[in-house]
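Trainee: structure for this input, please:
(2 chains)
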Amino acid sequence: MKSEERRSFLKLGLALGGTALTGVGCLNSKSDQSEEKVKLLSTDGKLVEVDASKIQEVDHHHHHAMSRSESREGIPGKKFVMVVDLARCGNARKCIESCEKAHHIPHSRPFIKVLKIQDNPDSSPYWMPKKCYQCDNPPCVKVCPVSATYKRSDGIVLIDNERCIGCRFCMSACPYSARVFNWSAPEQPADYDLPYSPETSVPSKIGTVEKCDFCPDMLRDDKLPHCVTSCPNGALYFGDKMADSVTNGDETVRFRKLLEDKGGYRYLEELGTEPNVYYLPPVDRMFPFEEMEEDS
Amino acid sequence: MNNNLTFQQDSSTITSIENDLLRHIPAKSKKFNIWIGILLIIIAIGAFAYYRQIRYGLIVTAMRDYTSWGIYISNFVFFVAISLVGSLVSCILKLSNAKWSIPLTRISEIIAIAAIICASIIIIVDMGRPDRFVNVLVHMRIQSPIIWDVIIIATYLALSFLMLYVSLIPDIALCRDKIPNLPKWQKKFYRIFAVNWKSDPKQYKIINHLIAILSVLIIPVAFAIHTVTSWLFSTTWRPGWDSTNLGPYFVSGALMAGAAVIIVAMYFIRRHMALERYLTEKHFDNMGRLLVLLSLIYLYFNINEYLGPTFKMVGVEEEHITELFFGKYAFMYWLVQIFGLLIPIIVLVFRKMRKPLPLLIISGLVILGAWFKRFLIVIPSLQHPYLPIQDVQDSYRYYVPTWEEWAITMASFAGVLLIITILIKLFPVIPIWETIEENSNKIEST
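Mentor: Model (predicted):
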């Protein structure tokens, strides 16, 4: 299955998607008679009527980059969660690749790691994809002296790299080592002329902290984060807790039912950080555990 | 305190005290210039290293994503610790009426100010974006322990300056009145900062009052600066930092290191400025006793800090303890604990070892131990995160400071010494008026 096909993310962003679809639909019935009215669904969910001639298509594939202040607000009515099915992870590392590509980050400081975890000496090791857990009680946000890292209403923790002073207190505070630092000038394509947005985390800046951002720019376009769509095994489920629905691109399932059926848990629950990334235990595995070849 | 008595004192005694303690101010010496020159060269090398850091980023350091704090931070903690010495001598000893400590007050206040200034500089050096320092003020988030630290350090710096300055005023007036042949700027400098001091009993009453208030105010602030600094660590989940013991552990270690610093400073000032009459063997003996007491307190908090996790040996705490006791930091750890803590306690119990030279050597060991102890507090903890360190370049697993980090650290030490040297050169290093006042009190009581 091609990753593009999985990107139709049904449950997400009803409001924006609704407007755009209706708008496109109306454009097809192109008319010059200005008297003709069309009914549209506005972004806040109201039914409105406008002159057909006034309608302009909104480019909904490339949402404009959210400004630094806009990025501080979450996407209304959403609470994003991720569920990682450890039984499906075969350490293909496609999530890391796609994330590096999308965020233009070098191999030395990936946002995602796939760790070999062995819970006790007698149990079999397994691969555990790990990214920022977007905690509800985020240690990083609590220690930041300048509010450069912040928690949004949709649950996402972002970093404003134009405010970050590079004190790295957040890196010490994060018990999951989710944060990376631009120790030197970032190696990124020079032709990167898009304006900076905390939602895209590009361009990176020297002397500031970065981490996995749950790809809010994709979410605004009703698309799944890059790691989810690139996983060949469908190990990553992503969705909206409010809608109780998560999808790995192949199947869309109820979030709570999934946790209930498969014994979902959060890593290091005892730290009280309230992560928004859940794990399903590595039972009935799709792959036997294989060590990675030592190459890179 | 009866200041009229100062006038009843034998005027020749007063003159000789003034002569002894003002002598170095107009003096020109080659040794002094060479000393300043050496310090400036070390600072220049550090400045060049910092230029490289600004230009290429923190990549010039050995810090990486796991060991994200290095010797800048441990050195910062060390300087904050040293700065507590001001409160120890000029407040705690003073308020407990330990009159013998009067000649040490100004030295300790000067060291405190020099250390706290360099601590502030080194923390800016550690920032990835020093150009955005203004964000700390503009976007200040009072919930962050870093902001608590900024506020409390600024408060301590201000109070320490006040304390030093207020107790200096009568002596600045002496500099203004009693030293002939000073350059014009220096005369003007003393005239301005003597703020029309006339040795009026009323004026003495005011500054004695002010000093008493400041002595009381400084103690909680001094305890707070190091306690808050410990909270930068204990508010996280890192092994070795996640401890309620960290505040008193830091404060007691700071007082111990501070006492050692005073002893070293006392030794060199006494020798180079021929002040044997004022800084006597009795002072060394007393400071030696004090150092034993403070080391015992620190030992107590050390045991508290390590016993619990060592007994339980659980998870990342176990990894951390194993690393310190038997792992790659074991050599440093045992050197620090044995030569920087245990041996000084045992050795200093003997009177002979509290003579100036042996005490100097032991204090040197204590200071070295204190510096490396802070390295051991900051760095190994960061190398034991909850999730294993995998799939990274080798440079991410180890931390061996680069020459740039050492150069900047050395420059910060040179900075402390430079500030101390300049202040000592400008002002009497032993408070003249308090010495005279104390003398007259003795006369009165006999």
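Trainee: smallest gap between chain A and chain B, at which residue?
Mentor: residue A:166 (1.9 Å; Cβ to the nearest Cβ). Where C-beta positions appear, they are placed from N, C-alpha and C, glycine not excepted.
Trainee: which ones are touching the nearest residue to that residue once chain neighbours are set aside?
Mentor: Nearest-residue entry for residue A:166: residue B:128, 1.9 Å, with adjacent residues in sequence omitted and distances by Cβ to Cβ, 6 or more residues apart in numbering or on different chains. Residue B:128 makes contact with A:164-168, A:181-182, A:206-209, B:57-58, according to Cβ atoms under 8 Å, 6 or more residues apart in numbering or on different chains.
Trainee: how about these in CSV, adding pLDDT?
Mentor: Formatted as CSV, the contacts of residue B:128 follow (pLDDT from 0 to 100):
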residue, pLDDT
A:164, 97
A:165, 97
A:166, 97
A:167, 96
A:168, 96
A:181, 96
A:182, 95
A:206, 94
A:207, 96
A:208, 97
A:209, 97
B:57, 96
B:58, 97
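Trainee: among these, which are located in helices?
Mentor: Residues of these located in helices (DSSP state H): none.
Trainee: just the buried subset of those, please.
Mentor: A:164-168, A:181-182, A:206-209, B:57-58 (16 or more other Cβ atoms under 10 Å in any protein chain shown).
Trainee: so which of the residues you listed comes closest to residue B:379?
Mentor: Of all the buried ones among the contacts of residue B:128, residue A:168 has the smallest distance to residue B:379: 13.4 Å, by Cβ to Cβ.
Trainee: which residue sits closest to that closest one, ignoring its sequence neighbours?
Mentor: In space, residue A:168 is closest to residue B:68, 4.5 Å off (Cβ to Cβ, 6+ apart).
Trainee: likewise for residue B:95?
Mentor: In this structure, residue B:95 finds its nearest non-sequential neighbour in residue B:215, 5.6 Å apart by Cβ to Cβ, 6+ apart.
Trainee: doesn't residue B:90 make contact with that neighbour?
Mentor: Yes. Checked against Cβ atoms under 8 Å, the pair residue B:215 and residue B:90 is within contact range at 6.8 Å.
Trainee: so between the two, which is more surrounded?
Mentor: Neighbour count, other Cβ atoms under 10 Å in any protein chain shown: between residue B:215 and residue B:90, residue B:90 has more, with 28 against 19.
Trainee: can you tell me how far that one sits from chain A?
Mentor: Separation of residue B:90 from chain A (Cβ to the nearest Cβ, to the nearest Å) stands at 31 Å.
Trainee: check residue B:296 too.
Mentor: Residue B:296 is 31 Å from chain A, by Cβ to the nearest Cβ.
Trainee: residue contacts, that residue?
Mentor: Taking Cβ under 8 Å, 6+ apart, one finds residue B:345 in contact with residue B:296.
Trainee: hey, where'd the helices end up in the stretch 1-150 of chain A?
Mentor: A:14-28, A:94-103, A:139-143 (DSSP state H, counting those that start in this stretch).
Trainee: now the weakest link among the ones you listed, please, by mean pLDDT.
Mentor: Among these, helix A:14-28 carries the lowest mean pLDDT, a mean of 46.
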